[in-house]
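Novice: sequence and predicted structure, then a few things I'm wondering about:
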Amino acid sequence: MKIVIIGASAAGISAAKTIKASEPDTEVVIISKEDSIHSRCMLHKFLGHERDAKGISFIADDFFETNGITWHSNTTVIGLDAQKKTVKTHDNQDIGYDKLLIATGAAYFIPPIPGLREAKNVYGFRDLKDAQLLDSECNTAKNAVVIGAGLVGMDAAVAMLMRGLKVTVIEMTPAVMSLQLDQKSAQAYQQLFEEHGAAFILNDKVVSVDVDEVGRGKTIHLASGKAVPADVIVIAAGVRPAFSFTEGSGIATNHAILVGDDLKTNIDDIYAAGDVTGMAGIWPNAMKQGRIAAINMLGEKLLYEDRYALKNTVNFYGLTTLSLGNINPEPEENCNIFIREDRHNYQKVIIKNGIIQGVIIQGNIAGTGFWQYLIKNKIDVSGKNKDVFSLSYADFYDLNQDTGEYNYAV
Amino acid sequence: MNSNFSCKTCASADQKLETFISNLSVDTSHHRMEGQSVKCGFGLQGICCRLCSNGPCRITPDGPKGVCGATADTIVARNFLRAVSAGSGCYIHIVENTALMLKKTAASKGVLKGKVALAKLADIFEVAEADEHVRAEKIADMVLADLYKPDYVKMELVEKMAYKPRFDRWKELGILPGGAKSEVFAGVVKTSTNLNSDPVDMYLNCLKLGISTGLYGLTLTNLLNDVMLGEPSIRLAPVGLRVIDTDYINIMITGHQHSIFAYLQDRLIQDDVIEKAKAVGAKGFKLVGCTCVGQDLQLRGEHYKEVFNGHAGNNFTSEAILATGAIDAVLSEFNCTLPGIEPICDELKIKQICLDDVSKKANAEMKPFVFEEKETQSNEIIDAVIESYQARRAVVTLNMAADHGNDDTLTGVSEGSLKSFLGGTWKPLIDLIVKGEIKGIAGVVGCSSLTAGGHDVLTVNLVKELIAKDILVLSAGCSSGGLENVGLMSPSAASLAGPKLRAVCESLGIPPVLNFGPCLAIGRLELVATELAEAIGVDLPQLPLVLSAPQWLEEQALADGAFGLALGLPLHLGLPPFVTGSPVAVQVFTQDMLNLTGGQLIIDDNAKSAAETLDAIIEKKRKELNI
Amino acid sequence: MKRIIIDREKCDGCLNCNIACISAHEEGSNFYTVNMQSPDAETRNFIKFDAQKGYLPIFCRHCDEPECVLSCMSGALEKDPLTGHVQYDESKCAACYMCVMNCPYGVLKPDKRARTKVIKCDFCDDKPDGPSCVKACPKKAIEVKEVSL
Ligand SMILES: Cc1cc2nc3c(=O)[nH]c(=O)nc-3n(C[C@H](O)[C@H](O)[C@H](O)COP(=O)(O)OP(=O)(O)OC[C@H]3O[C@@H](n4cnc5c(N)ncnc54)[C@H](O)[C@@H]3O)c2cc1C
Ligand code: SF4
Ligand code: SF4
Ligand code: SF4
Ligand code: SF4
């Protein structure tokens, strides 16, 4: 059997690994745009000059050789024929498959703001290629503007601060990383960034960008009337699943590729995993989807049930935060909110009817892995009769006597 | 019994003993080591505190302080001072009993065998009384008066006994002890819950306890005993399990208070008692030495040739001695009387009688020694032992080890006997040291423990290394029990010494390791050191003299150690005394002490490197003395 | 593979497994010298106490399906196909702490000193006689046993 995987990132690589681990004889072909495998979560380390391109790889150097995988690098898929079971590449090859995994992730999105799409010095921060282009800009630029203070924007900002640029971050919402943090925990990061030289303009919107004679954006105008000078602009205002090549193939999509619990699309033998499915936008979930899709492609049946995606960890300047679930509940949701803080820690737990809805642990996040399990499995903790902040895995301790593995006693 | 019986016993420097023990069917300390081989790290570092109900608090990365706020430094210092206080208390108990015994002996016009010792004490204490009994009683009273002073009144004999430069330094440091018993009390109070938290203050307090322990518990105990029991004199004697003679009714003695046995040991060789023994088929009675009280008898063996058959072994040999089956009773009056002997005594039907309730054994008969009733008590003991002999000898299988030990251990060495041996002056020894024929002196003292490589292992290996470097070894404590059994105290051991020391030993017919007897005799080593320093005209820290307690075992050893440090001597220990969890403790003991008293702690469980360190110190001191 | 099998009934919370683990990762140290107050003193195993259940040893299971590995975005965490142990390569790690969030048993933690790495049990695979914690446990509450992978 020949399995073709489009995309060589979290989902694609984890699928390939899973296939080769259980059926080494299955032929695996990976097609990807890049020629240097990298983890985009480490792009800031590349841009910040902490690591080179090889240093942000997440696989061994000889991964493809040792696993006997064919890798078409520098290759973009531009079409898909589900009848003939082939994919078409930019250089006009038709690559046949028995089973296909679409793991093309997502691509950044530039909002339709006058000047922004046209300006030559506007970059996304999604790929190594983006980071390489930004890298050379950073050699000369002085003022950098980051549009969007989500995780990606903050990654770009931290890298450019390390490069010594003056960085201004513009954000529509009143706080940084508003999807992951609440006001208080966001404030802590904002302050840290400011201490390292960043400026924040919150609660404001880019309305236009002045483009100079050579096509470079120079001044950014905001709804408030403020104008911010820029030598380089990073747009981090969101991503869209990347599946344009499936047009006409009959694969069902909405804003993403639609899949069932087995991660199969509406077409037999075609599966999708990772950001392209729109089910999550984080690495662990992309890995898991890749793995589950692979298992199903090999004919076993494993459902993707661990869908929980409202989870993240943040680590900037050594301040760490765990964020899970609904952390900014609306008053009408009638949640109980518990907060505990000291000099080094801020902890917030949101509970409704004994079920944890959300958690923010900022500061010491040692051993906090159990919270995710409680939230995603909707475990009722009211019976524990103890201070919610003192919960730990110990409260659910259970051992499998045969394997020695832990279970959850609930 | 033998529920813990395990066939893997720990190593022993004494091969014959190791084999003997490994073949025993009774459980001994050597067997139990295996089950206790996993140690608690908090205990080893001294960073566990059980002083209040918030505890036990342990210093961990997540808990760098106790609930009360005590740091590792405070916890370690409290634990250490507590241990030193307890250790001091033990020795002070011994000297108190000894002084009381002398007082009563003198008051009742009893025999005083040690005329030289009496004269010496009278001289030091400046007692002019002509009548020897009055003199002795006065001396005992002076000792007791000091012991019973409150802690805020300094003891008066310290100045009389201590070497002047030392006394001056102690005074400067403010560590002259008040009444010795009260000092123990003060140490215990200081270290109680939420009292003292200043580690340096507590370590100075340890030095203070070291001084009272050393001068009273050690030095004076020896001298008072010498008055009653006679001075040591040098001779060759048999040692090891071979000393047990199955033809006799054998009584093993354990403890540290020789004078408690004074009356009994004379009684055992009186005709009517021998007749009683003969009536049940034995030739008579013999005392078999074990632990320090055995060492003490051996030391004065010249006076007790008939009743004392020799020293069989030290603390961790006691179970083996009983396991021979030839011991009919154990008389104990102090430590080191291991609880481990109890089941062995039960199994082998050995009568146990305790003469001092501080060491009451769980299954032993309690018969606190009362001076006024010593005659009846002794008769009762004799009858009980005979009864035991009769009941057990027919039914118990003997398991002798006639080839264990040797017949030519040089014993009876003391500050007095050594000096007379040298011709009544220290000059010959000083000349040998100056000429480099003897590079220096190492006092190898303390106990045996089973952790540092096994029974007596580090002690024996270290001593071999030291003598090979031409360093003369003087030993006191259970260490000498181990050293004599492996033959290092026999004249033939000279062949193991370096060429110069060997030549000296061979010309004098002595071994390179001199046996001062019990741990109490650490006080005699101090007398030797002081007399040498006086003769040369230097302070103690300047002498090419080092101390080592390679296998220190218990709290008493820590109090002894504190004495050594107060004397300003380098002190080597095989294993750290549960203080390494405190940076301050490590700093104070290994560095700052040099400036305080001149002393220094060296921790090393490797015989070779420890010997090298001690050798380097001796070389350095020689250089500083220009010799 | 070999796994540390836990008999929680035997554990008495002495924490010697903690010391052993810290010592195993402080070069050249032993039980006497290990610096418990160093900012680098970190345990990779945990003892929790529960009023009903008693002491609960929490040790990395080197899971059959390790969530930490599945969440690692740098390749720093890998399950060794030969030993079955989940090993961590500090040089690859990006200190993102997705693994801390994903270990369901709360075994993982950032380093205390600078939050630039993860503290994880390595099964003492570099020690010839295996897990140091197991050797230090006086109660034999933890023992190495072979389990099928
Ligand atoms: C800057 C940044 C920081 C992040 N930090 C974190 C973090 O700390 N933690 C976290 O959990 N998540 C983080 N994420 C999100 C995480 O990177 C993604 O969820 C994850 O990469 C999704 O993996 P994927 O395999 O689904 O797709 P992607 O990683 O997007 O990979 C898509 C792959 O498909 C290839 N491809 C796409 N289209 C084509 C085509 N037409 N032809 C051929 N190849 C194609 C690409 O070249 C690439 O190899 C971050 C993302 C960014 C951008
Ligand atoms: S860290 Fe957690 S998830 Fe990873 S192997 Fe250990 S127990 Fe399993
Ligand atoms: S913190 Fe390091 S080991 Fe953990 S998931 Fe991130 S990169 Fe991997
Ligand atoms: S196996 Fe080693 S690394 Fe793992 S917990 Fe035990 S001591 Fe620590
Ligand atoms: S060493 Fe053993 S008994 Fe002690 S806490 Fe650890 S697991 Fe429990």
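Specialist: Here it is on my side, so go on. Ligands and ions are numbered 1, 2, ... in the order given.

Novice: buried sites along the longest helix along chain B?
Specialist: For chain B, the longest helix by residue count, based on DSSP state H, is helix B:72-107. Going by neighbour count (16 or more other CB atoms under 10 Å in any protein chain shown), the buried part of helix B:72-107 is B:72-106. Using the backbone N, CA and C atoms, a C-beta is placed for each residue, glycine as well.

Novice: after it, next one along is what?
Specialist: Downstream of helix B:72-107, the first helix or strand assigned by DSSP states H and E is helix B:115-125.

Novice: without its sequence neighbours, what residue ends up closest to residue 328?
Specialist: Went with chain A since none was named. Distance criterion CB to CB, 6 or more residues apart in numbering or on different chains; nearest residue to residue A:328, sequence neighbours excluded, is residue A:182 at 5.5 Å.

Novice: that's the wrong chain, I meant chain B
Specialist: Nearest to residue B:328 is residue B:389, by CB to CB, 6+ apart, at 4.4 Å.

Novice: so that neighbour, which of the three states?
Specialist: helix (DSSP: H, G, I helix; E, B strand; the rest coil).

Novice: tally of neighbours for it?
Specialist: 23 (other CB atoms under 10 Å in any protein chain shown).

Novice: hmm, back to that, is the longest helix of chain B anywhere near chain C?
Specialist: Yes: looking at helix B:72-107 against chain C by CB under 8 Å from any CB of the partner chain, the contacts come from residue B:72.

Novice: just want the angle from that helix to helix B:115-125.
Specialist: 120 degrees (axes from the mean of the first three to the mean of the last three CA atoms, to 10 degrees).

Novice: quick one: the residue nearest to residue B:328 and residue B:282 touch, right?
Specialist: Yes: here residue B:389 reaches residue B:282: they are 6.5 Å apart, a contact under CB atoms under 8 Å.

Novice: report the set of residues contacting both of the two.
Specialist: Among the neighbours of residue B:389, those also in contact with residue B:282 (CB atoms under 8 Å, 6 or more residues apart in numbering or on different chains) are residue B:249.

Novice: for residue A:297, which residues are in contact?
Specialist: A:3, A:15, A:19, A:99, A:101, A:271.

Novice: oops, could you answer that again for residue B:529 instead?
Specialist: Contacts of residue B:529 (CB under 8 Å, 6+ apart): B:441, B:443, B:540, B:543, B:545, B:567, B:569.

Novice: would you check which pair of the residues you listed lies furthest apart?
Specialist: Pairwise distances across the contacts of residue B:529 peak at 13.3 Å for B:441 and B:567 (criterion: CB to CB).

Novice: more neighbours: those two, which one.
Specialist: residue B:567 (31 against 23).

Novice: relative to ligand 4, which residue of chain B is the closest?
Specialist: residue B:41 (12.1 Å; CB to the nearest ligand atom).

Novice: and the closest residue to that residue other than its chain neighbours, which helix or strand is it part of?
Specialist: Distance criterion CB to CB, 6+ apart; nearest residue to residue B:41, sequence neighbours excluded, is residue C:19 at 3.5 Å. Taking DSSP H and E as the definition, residue C:19 sits inside helix C:16-24.

Novice: and the pLDDT at the spatially most distant residue from the centre of chain C?
Specialist: The C-alpha centroid of chain C is most remote from residue C:52, which lies 24.7 Å away (CA atoms, centre = their mean). Note on residue C:52: pLDDT of 87.

Novice: care to break the chain down by domain?
Specialist: Since no chain was named, I'll use chain A. Domain assignment for chain A by automatic domain parsing gives A:2-107+A:239-297, A:122-235, A:311-408.

Novice: that was the other one, I meant chain C.
Specialist: Split by automatic domain parsing, chain C gives C:1-59+C:124-149, C:62-120.

Novice: contacts only, for residue 1.
Specialist: Going with chain A. Residue A:1 neighbours (CB under 8 Å, 6+ apart): A:26-27, A:98-99.

Novice: that's the wrong chain, I meant chain C
Specialist: C:62, C:83-85, C:146-149.

Novice: middle-most residue in chain C, spatially?
Specialist: residue C:121 (2.8 Å).

Novice: how close does it sit to residue C:106?
Specialist: Per CB to CB, to the nearest Å, residue C:121 is found 13 Å from residue C:106.

Novice: does chain C sit close to the helix or strand where residue A:19 lies?
Specialist: Using DSSP H and E, residue A:19 maps to helix A:10-22. Yes: with CB under 8 Å from any CB as the criterion, chain C is reached by helix A:10-22 at A:10, A:14, A:21.

Novice: got those as JSON lines, with distance to ligand 5 and pLDDT columns?
Specialist: Below are these laid out as JSON lines (distance: CB to the nearest ligand atom, whole Å; pLDDT from 0 to 100):
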{"residue": "A:10", "distance to ligand 5": "37", "pLDDT": "97"}
{"residue": "A:14", "distance to ligand 5": "35", "pLDDT": "97"}
{"residue": "A:21", "distance to ligand 5": "33", "pLDDT": "93"}
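
Novice: which parts of chain C are helices?
Specialist: C:16-24, C:67-71, C:98-102, C:132-136.

Novice: so who does residue 50 touch?
Specialist: As the question left the chain open, I've gone with chain A. With CB under 8 Å, 6+ apart, residue A:50 has these contacts: residue A:162.

Novice: hmm, no, I was thinking of chain C.
Specialist: Residue C:50 neighbours (CB under 8 Å, 6+ apart): A:394-395, A:397, C:56.

Novice: hmm, 10 Å instead?
Specialist: Residues in contact with residue C:50, defined by CB atoms under 10 Å, 6 or more residues apart in numbering or on different chains, are A:386, A:392, A:394-395, A:397, C:8, C:56.

Novice: again, but for residue C:48
Specialist: A:367, A:392-395, A:397, C:13, C:54-58, C:106.

Novice: ok, residue B:465 - contacts?
Specialist: Taking CB under 10 Å, 6+ apart, one finds B:442, B:471, B:606-612, B:614-615 in contact with residue B:465.

Novice: now do residue B:243
Specialist: B:237, B:250, B:286-289, B:294, B:298, B:308-313, B:321, B:402, B:404-405, B:407.

Novice: the nearest residue to residue B:84 once chain neighbours are set aside: neighbour count?
Specialist: Spatial nearest neighbour of residue B:84, chain neighbours left out: residue B:206 (4.6 Å); criterion: CB to CB, 6+ apart. Residue B:206 has 28 neighbours, counted by other CB under 10 Å.

Novice: need phi/psi at residue B:206.
Specialist: Main-chain torsions, residue B:206, degrees, to the nearest 10: phi -60, psi -40.

Novice: can you get me a residue count around residue B:283?
Specialist: 13.

Novice: residue B:248 versus that one, what's the distance?
Specialist: 5 Å.

Novice: which neighbours do the two share?
Specialist: residue B:277.

Novice: contact partners for residue 18?
Specialist: Since no chain was named, I'll use chain A. A:287, A:290-295, A:297-298.

Novice: wrong one, I was asking about chain B
Specialist: Counted by CB under 10 Å, 6+ apart, residue B:18 has contacts B:9-12, B:30, B:320, B:454-455, B:457.

Novice: quick one, phi/psi of it?
Specialist: phi -60, psi -40.

Novice: one more: residue A:77?
Specialist: phi -80, psi 130.

Novice: can you count the residues close to it?
Specialist: 25.

Novice: surely it touches residue A:92?
Specialist: No: at 11.7 Å, residue A:77 and residue A:92 do not qualify as touching, with contact defined as CB atoms under 10 Å.

Novice: contacting residues for the residue nearest to residue C:37 when sequence neighbours are not counted?
Specialist: Distance criterion CB to CB, 6+ apart; nearest residue to residue C:37, sequence neighbours excluded, is residue B:64 at 5.8 Å. Residues in contact with residue B:64 (CB under 10 Å, 6+ apart) are B:71-72, C:36-37, C:41.
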